[in-house]
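Q: my questions are about this predicted structure, shown below with the sequence.
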Amino acid sequence: MQIPLRSPELARRQTERYDRIAPDWPHHKRLKAQAVLFGYNSWEELVASCQSNAPDFVFDQDIDQAAREQRWLRMAEAASAAFNIELPYALDLVHFVMPTCDPQRPRPAWYDPNDTFNLALSKKDGLWWCCVGEHGHPFVPPGFVLQEASHVADVSAQRLNDPYGLHRTRRLKHIWVLLPNEGFDVGGIQPIHTYFRRGQLLEVDPVPMGDFLRAPVKYAAQLREFFDYAYPDIGQAEQHALLKGWRQALKTLHVAAQLPAASRRRWIQPTVSARCGIGKDWYWPLQPRPEGDALANAARYAHKVDADILDYCGRDPGYIDIS
């Protein structure tokens, strides 16, 4: 839906609002984005449409919450299509720019999540959201963060059906992925959260948090919960075997990183060189579930980070401490 304007100056003045969400976008791309958010295909089309007798501009503060959310969603869907970005990133863009907001008055509240957005996101099958991360997991090579990801459509559908979380008796499906510290390209937007499709990030078999592995007795309840939703189809004997293998791998990594096998140090990541030095793959002891180019891309990044570490230190330090 095109928003009529008397002059393009209102839209032109707002290009500085992209500094926080898309700082690398050149001016011409920001102008196109402004045109798209106002309902036009190009900046030239927006300028040509301006008429001195256009109706008074209706700001976000002048309409009710439901109408505002529908307006913002239409803008986000237009930006998603125009710039080939996922809808959640387009919503972030609208959130930061808010081109229909009167800057002279307090900004209206941005309710996220809400039913309007959740209904649209519940139809985005195959999109995943990095919801929980652990920095410094010892199994993860430097340069990556272990992330637990939820299926966006399922999360949004659950929020619609149970907005107050009173009846959530089942866990949604999750996957575990390695997210590069530098993120990945999402069209030049600096995202608030990370969303992806399978094949963009390297998926790995689930592993417990590092503290659970270091002190399994202390975190016995958390480990039971982890196995219940990460490995629901295996018995106690298989659980014990997995845990034993993970704890042995942790000791092996410590030795490879020139630490005592029983070290309780937290927030350390043994280097790729240390793993390769004991004849293991760069991702060991994680078990990848490669799809598309995810494994090859992650490998290139892992070895680049390792080379940077060696260059900075002049030798292999064995591990990095990110505490």
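A: In hand now; what should we look at?

Q: only C-alpha atoms from now on, for both contacts and neighbour counts.
A: OK.

Q: stretch 211-229: which residues count as buried?
A: Asp211, Phe212, Leu213, Arg214, Leu223, Phe226, Phe227 (16 or more other C-alpha atoms under 10 Å).

Q: repeat that for stretch 286-301.
A: The neighbour-count check on stretch 286-301 (16+ other C-alpha under 10 Å) flags Leu286, Pro288, Ala294, Leu295, Ala298, Ala299, Tyr301 as buried.

Q: averaged pLDDT, it. What do you get?
A: In this model, stretch 286-301 has a mean pLDDT of 95.

Q: try stretch 120-133
A: For stretch 120-133, mean pLDDT is 93.

Q: what does it contact?
A: For stretch 120-133, the surrounding residues in contact (C-alpha atoms under 8 Å, 6 or more residues apart in numbering) are 87-88, 145-157, 193-198.

Q: how far does that stretch sit from its chain's centre?
A: 9 Å (C-alpha atoms, centre = their mean, to the nearest Å).

Q: hey, where'd the strands end up in the protein?
A: Remark: strands assigned in the chain by DSSP state E are 127-134, 144-151, 174-180, 195-197, 202-204, 268-270, 319-321.

Q: now Arg264, nearest residue through space, not along the chain?
A: Leaving out its chain neighbours, the residue that sits closest to Arg264 by C-alpha to C-alpha, 6 or more residues apart in numbering is Arg214, at 6.5 Å.

Q: which one of the buried residues of stretch 211-229 is nearest Gly39?
A: Distance to Gly39, by C-alpha to C-alpha, is smallest for Phe226 among these, at 46.6 Å.

Q: quick one: pLDDT of the residue nearest to that closest one when sequence neighbours are not counted?
A: Leaving aside its sequence neighbours, Phe226 sits nearest to Pro208 (C-alpha to C-alpha, 6+ apart; 6.8 Å). On pLDDT, Pro208 comes in at 95.

Q: is it true that Pro208 touches Glu225?
A: No: at 10.1 Å, Pro208 and Glu225 do not qualify as touching, with contact defined as C-alpha atoms under 8 Å.

Q: any idea how far Ala109 is from Asp211?
A: Asp211 sits at a distance of 38 Å from Ala109 (criterion: C-alpha to C-alpha, to the nearest Å).

Q: ok, Trp246 next?
A: For Trp246, the distance to Ala109 - C-alpha to C-alpha - is 46 Å.

Q: burial count for His174?
A: Look at His174: counted by other C-alpha atoms under 10 Å, it has 17 neighbours.

Q: show me the contacts for it.
A: Contacts here follow C-alpha under 8 Å, 6+ apart; on that basis His174 touches Glu148, Ala149, Ser150, His151, Ala230.

Q: cutoff 7 Å now
A: Contacts for His174 (C-alpha atoms under 7 Å, 6 or more residues apart in numbering) come out as Glu148, Ala149, Ser150, His151.

Q: could you do Leu87 as well?
A: Leu87 is in contact with Ala76, Glu77, Ser80, counting by C-alpha under 7 Å, 6+ apart.

Q: out of those residues, the closest to Ala54 would be?
A: If you rank those by distance to Ala54 using C-alpha to C-alpha, Ala76 comes first, at 24.1 Å.

Q: isn't the closest one right up against Leu91?
A: Yes: if you go by C-alpha atoms under 7 Å, Ala76 and Leu91 touch, sitting 5.1 Å apart.

Q: more neighbours, the two?
A: Per other C-alpha under 10 Å, whichever of Ala76 and Leu91 has more neighbours is Ala76, with 26 against 21.

Q: excluding sequence neighbours, find me the nearest residue to Gln147.
A: Gln147's closest residue in space is Gly133 (C-alpha to C-alpha, 6+ apart), at 4.3 Å.

Q: same check, this time on Lys218
A: Counting by C-alpha to C-alpha, 6+ apart, the residue nearest Lys218 is Phe212, at 7.8 Å.

Q: do Asp24 as well
A: Sequence neighbours aside, Gly188 is the residue nearest to Asp24 in space, at 6.5 Å (criterion: C-alpha to C-alpha, 6+ apart).

Q: now do the phi/psi pair for the one you found.
A: Main-chain torsions, Gly188, degrees, to the nearest 10: phi 80, psi 0.
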